[in-house]
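what's the 3D shape of this:
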Amino acid sequence: MERKYNYVDIDFAVRVLNHPEMIDDEEMRVWLRDERHRRLLEELRRVREGSLRAVDRQRPDVNLEWAKLSRRLSRKRMLWVYRIAAMTACIGVLISVSWLWNHSSPKEEVPLVMVVPGGEDVEHGGVTLVLNDGEEIRLNRENEALLMQRLPQTFKVLSTDSLGGLVYTPRQLMGKSEELHTLKVPRGGEYFVILDDGTKVWLNSETEFRYPVTFEDERRVVELSGEAYFQVVRDEKRPFIVKTRGLQTRVLGTEFNVQAYLTDKVNVTLVNGRVAVKVPEDSREILLKPNENALYSQGKVRVSKVDVMKFISWKEGYFYYDNERLEDILTELGRWYNFTVIYEDLELKELRFQFWADRKDTFRKVLEHLNEMKKLKIEDQGNCIVVCR
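Numbering: from 1, shown residues only. Coordinates of the predicted model:
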């Protein structure tokens, strides 16, 4: 039987939930790098919150919360969890014991918050497709007929809300098209597109992505402002080139992330394969290996080995920060939840935190987690938050 969660993991997760201030920052940082640990922590956190809500309703039922958890885990994994629960009940790490401890001490009422995708938690205009002639089409079911009508005859494009993306499918024995399309993803949104050659591209919030309807014979060139994750179909005769402000990335076939928002920095993070980055004014190319990141800033490129999950967690559906500046954390969260930030003390921007959250969580829930850090206080003022000590 595969044991996803062992006694040590469950014990550590419970200590993180109950007494995070007593755990060494470096120890927590290393533990949270494992995706299984992050998943376990979130599952136990939800069980505890569900138990507290049951207390508020005067119907405490921890077994019910475990039953909810069991529907998310496989039967084999749950058998192991229950065995761990039986083994550890005597020494106080069972979640029900944690719940009783929390209930026995004074605690503010836990608000009931419906968990919805971040994109539904903010108001925005939706993803827009800009055609070659400048016409803009909102990508939703109501406009699918218009979309199909306005597409070039050489291609068929599928658009469904469930996929949240576009699929460009070349029709055989048809001529090439020189048209360019642009996808605009607003704050609080994300999107997915499969290009002419089969390359898959995931687009993050506040991103513009420009690409040809049909790639040319010699090379495949796209332009990006914002953030995107690429799975490039290998084609040795036609290199795939991503142009961003100040930096150009060339690949043959690989998976990588490009972050190029409107700042002075561009990050290219390689997951697997090989890519080469270059500054347009410089003829030299810098080759990246898997788990390496190229940071472009002030005309220079610096390569370093990184934890790639810090850069691609958004594509996997969560936020993950490991010893990151508060300003960088809130800037990214602001793109997803559509808020601006006011700092009462500019020194607060430099505070560093380790933080993890599901992108489906509401902003209110994420705000509660941030305020649990105790180094600062964050107040919600609608579309703006105020950070103070």
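
okay, now the unreliable bits of the stretch 51-200 of the chain?
51-125, 144, 151-164, 169-177 (pLDDT under 70).

quick one: contacts of the helix or strand containing residue 378?
Using DSSP states H and E, residue 378 sits in strand 377-380. Strand 377-380 has contacts (C-beta atoms under 8 Å, 6 or more residues apart in numbering) with 363-364, 367, 370-371, 385-389. In this view, the C-beta of every residue, glycine as well, is placed from N, C-alpha and C.

pull out the buried members of these.
Among those, those scoring as buried are 363, 367, 370, 385, 387 (criterion: 16 or more other C-beta atoms under 10 Å).

if we can go back for a sec, pLDDT (mean, whole number) over the strand holding residue 378?
Strand 377-380 carries an average pLDDT of 88.

which elements pack onto the next helix or strand after that strand?
As assigned by DSSP H and E, the chain's next helix or strand after strand 377-380 is strand 384-388. Secondary-structure packing of strand 384-388 (3 or more C-beta pairs under 8 Å, 6 or more residues apart in numbering; DSSP states H and E): helix 326-337, strand 340-343, strand 377-380.

state the mean pLDDT of the longest one.
Right, helix 326-337. Throughout helix 326-337, pLDDT has a mean value of 92.

can you list the buried residues in it?
Residues of helix 326-337 classed as buried: 326-327, 329-330, 332-337 (neighbour count, 16+ other C-beta under 10 Å).

the last one too?
Judged by neighbour count (16+ other C-beta under 10 Å), strand 377-380 contains these buried residues: residue 378.

please name the strands paired to that strand in the sheet, noting orientation.
strand 384-388 (antiparallel) (DSSP bridges).

state the pair within the buried ones among the contacts of strand 377-380 that is farthest apart.
Distances among these were taken as C-beta to C-beta; the most separated pair is 363 and 387, at 14.5 Å.

ok, back up a step: can you redo the helices and strands packed on strand 384-388 as CSV with distance to residue 129?
CSV is the format used below for those (distance: least, C-beta to C-beta, whole Å):
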stretch, distance to residue 129
helix 326-337, 20
strand 340-343, 27
strand 377-380, 33
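
can you pull up the bridge partners for residue 167?
Residues in a beta bridge with residue 167, per DSSP bridges, are residue 158, residue 194.

isn't it right up against residue 194?
Yes: if you go by C-beta atoms under 8 Å, residue 167 and residue 194 touch, sitting 4.6 Å apart.

hey, what's in contact with both of these two?
Residues touching both residue 167 and residue 194 (C-beta under 8 Å, 6+ apart): there are none.

low-confidence ranges, the stretch 251-389 of the chain, go.
For the stretch 251-389 of the chain, residues meeting the criterion pLDDT under 70 lie at 374.

how about the strands in it?
In the stretch 251-389 of the chain, the strands defined using DSSP state E, counting those that start in this stretch lie at 255-260, 265-272, 275-278, 286-288, 292-297, 300-305, 318-325, 340-343, 352-358, 377-380, 384-388.

comparing those strands, which comes out most buried?
Comparing those by mean neighbour count (mean count of other C-beta atoms under 10 Å), strand 255-260 ranks first with a mean of 24.

before we move on, the earlier item: list just the nearest of the contacts of strand 377-380 to residue 322.
Closest approach to residue 322 among the contacts of strand 377-380 (C-beta to C-beta): residue 370, at 15.6 Å.

that closest one and residue 350: what is the separation?
For residue 370, the distance to residue 350 (C-beta to C-beta, to the nearest Å) stands at 16 Å.

cool, and residue 232?
Plainly put, residue 232 is 37 Å away from residue 350 if you go by C-beta to C-beta.

pretty sure residue 342 is touching residue 388, no?
No: if you go by C-beta under 8 Å, residue 342 and residue 388 don't touch, sitting 9.1 Å apart.

about what we covered before: can you list the contacts of strand 377-380 in TSV and add distance to residue 137?
Listed next are the contacts of strand 377-380 as TSV, based on distance: C-beta to C-beta, whole Å:
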residue	distance to residue 137
363	29
364	33
367	35
370	37
371	41
385	33
386	38
387	39
388	43
389	47
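
hmm, residue 210 and residue 223 touching each other?
Yes: the pair residue 223 / residue 210 is scored as a contact, 4.2 Å apart, by C-beta under 8 Å.

who's more crowded, residue 232 and residue 350?
A count of neighbours by other C-beta atoms under 10 Å puts residue 232 above the other of residue 232 and residue 350, at 23 against 9.

residue contacts, that one?
Neighbour list for residue 232: 199, 240, 251-256, 273 [criterion: C-beta under 8 Å, 6+ apart].

at 10 Å what do you get?
195, 197-201, 220, 239-240, 242, 251-256, 273, 275 (C-beta atoms under 10 Å, 6 or more residues apart in numbering).

for residue 203, same thing?
127, 164-165, 183-185, 189-193, 209, 224, 226-229, 315.

do the same with residue 208
For residue 208, the contacting residues are 128, 130, 182-185, 223-226, 228, by C-beta under 10 Å, 6+ apart.

and it, how far is that from residue 168?
In terms of C-beta to C-beta, residue 208 sits 18 Å off from residue 168.

repeat for residue 286
Here residue 286 is placed at a distance of 31 Å from residue 168 (C-beta to C-beta).

what do you get for residue 133?
Distance of residue 133 to residue 168, computed by C-beta to C-beta: 18 Å.

out of the two, which sits in the busier spot?
Counted by other C-beta under 10 Å, residue 133 and residue 168 do not tie: residue 168 has more neighbours, with 22 against 7.

any idea how far the more buried one is from residue 230?
Applying C-beta to C-beta, one obtains 15 Å for the distance of residue 168 from residue 230.

residue 45 too?
Distance of residue 45 to residue 230, given as C-beta to C-beta: 33 Å.
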